[in-house]
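Chemist: 3D model of this:
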Amino acid sequence: MIKSISDTTVLHNGVRMPWLGLGVYKAEDGQEVINAIQYALEAGYRSIDTASFYKNEEGVGQALMESGVPREELFITTKVWNTEQGYETTLQSFEESRKKLALDYVDLFLVHWPVSGKYKDTWRALEHLYKDGKVKAIGVCNFEIHHLEDLLGDCEIVPMVNQVEFHPRLTQKELLSYCKDKNIQLEAWRPLLKGEIFDEPVLVELAKKYEKTVAQVILRWDLQNGVVTIPKSVNKERIYQNSDIFDFELSREDMEQIDTLNTNHRNGPNPNDF
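Modeler: Purely as a prediction, here's the structure:
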């Protein structure tokens, strides 16, 4: 059982990645993202997930510098955007991100989307960065099984992480099973579906049963599925609430009940459209 915000999963290269992190998509660069990270670090978070596309890497870097938290305790993720994919352009994009973050290295660098005709060259660039020690781990986002199969046919290094849309309306069972079989850690973005399922009767009842919020029940469901989760918020109270998920455990029956809510509904883009 995952019992603490400091608990980690071990990626297939031995790197430890926190089970819970803070996502900062659409957090405005400057004081908004700085405050959000400050709240998160105070609450015990050590994993922060950003991307070049989010346009807030400078604010993230400033928040980390001002935090006083030792670098080795932090786990920082960023991503290469679609228009920057390709071998040389990915290397350039990484360097720009690293400078904005004011870091000597990045803990996890991800391919943001499987851009057809480009993601293999992009992956070669990530392998190069990994071999050079500029990143501790490398991975992908939004890769379906067929994308992963295609990549694994040529790559030298198997992705350590696959970050995908994952929530009770999109349980991704087949992909989760595949990634576990390949020792690729699945990670959930938009795990709370922007609050769209907070009035779902099954979840409301489970929240009452466990004396938790619906969000806390969903995030606990993520962890018990073996999925790293990075809920996004800039609100101090919600950031703290989202971290209060380590003092209870959902029963197998309740886990299965949440699974029945799946409708294969995507809130974000379909990876097959790239």
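
Chemist: Where does pLDDT dip in the stretch 151-274 of the chain?
Modeler: Residues of the stretch 151-274 of the chain that meet the criterion pLDDT under 70 lie in 274.

Chemist: Can you show me the helices along it?
Modeler: In the stretch 151-274 of the chain, the helices defined using DSSP state H, counting those that start in this stretch lie at 173-181, 201-210, 214-224, 236-242, 252-259.

Chemist: Check those helices for me and report the most buried one.
Modeler: Highest mean neighbour count of these: helix 214-224, a mean of 23 (counted as mean count of other CB atoms under 10 Å). From N, CA and C alone the C-beta is placed, and that goes for glycine too.

Chemist: can you list contacts of that helix?
Modeler: Under the contact criterion CB atoms under 8 Å, 6 or more residues apart in numbering, helix 214-224 has outside partners 2, 19-20, 166-168, 188, 191-192, 195, 197-198, 200, 203-204, 206-207, 210, 212, 228-229, 231, 238, 241-242, 244-245, 248-250, 255, 258.

Chemist: gap between residue 249 and residue 215?
Modeler: Using CB to CB, to the nearest Å, we find residue 249 at a distance of 17 Å from residue 215.

Chemist: Also residue 242?
Modeler: Distance from residue 242 to residue 215, by CB to CB: 6 Å.

Chemist: now do residue 141
Modeler: For residue 141 relative to residue 215 (CB to CB), the value is 22 Å.

Chemist: do residue 261 as well
Modeler: Computed as CB to CB, the residue 261 to residue 215 distance reads 15 Å.

Chemist: What of residue 192?
Modeler: Look at residue 192 and residue 215: by CB to CB, they are 5 Å apart.

Chemist: do residue 36 as well
Modeler: Plainly put, residue 36 is 16 Å away from residue 215 if you go by CB to CB.

Chemist: all strands of this structure, in order?
Modeler: For the chain, the strands defined by DSSP state E cover 8-10, 16-18, 22-23, 47-49, 75-80, 106-111, 135-141, 161-165, 185-189, 228-229.

Chemist: what's the angle from the fifth one to strand 161-165?
Modeler: Computed with axes from the mean of the first three to the mean of the last three CA atoms, to 10 degrees, the direction of strand 75-80 lies at 70 degrees from that of strand 161-165.

Chemist: Contacts for strand 75-80, please.
Modeler: Contacts of strand 75-80 with the rest of the structure, by CB under 8 Å, 6+ apart, involve 16-18, 21, 46-53, 57, 60, 64, 90, 93-94, 97, 101, 103, 106-112, 122, 125-126, 141.

Chemist: Could you identify the buried members of these?
Modeler: Neighbour counting by 16 or more other CB atoms under 10 Å classes 17-18, 21, 46-53, 57, 60, 64, 90, 93-94, 97, 101, 103, 106-112, 122, 125-126, 141 among the contacts of strand 75-80 as buried.

Chemist: Would you confirm that residue 98 contacts residue 135?
Modeler: No. Assessed by CB atoms under 8 Å, residue 98 is found out of contact with residue 135, at 9.1 Å.
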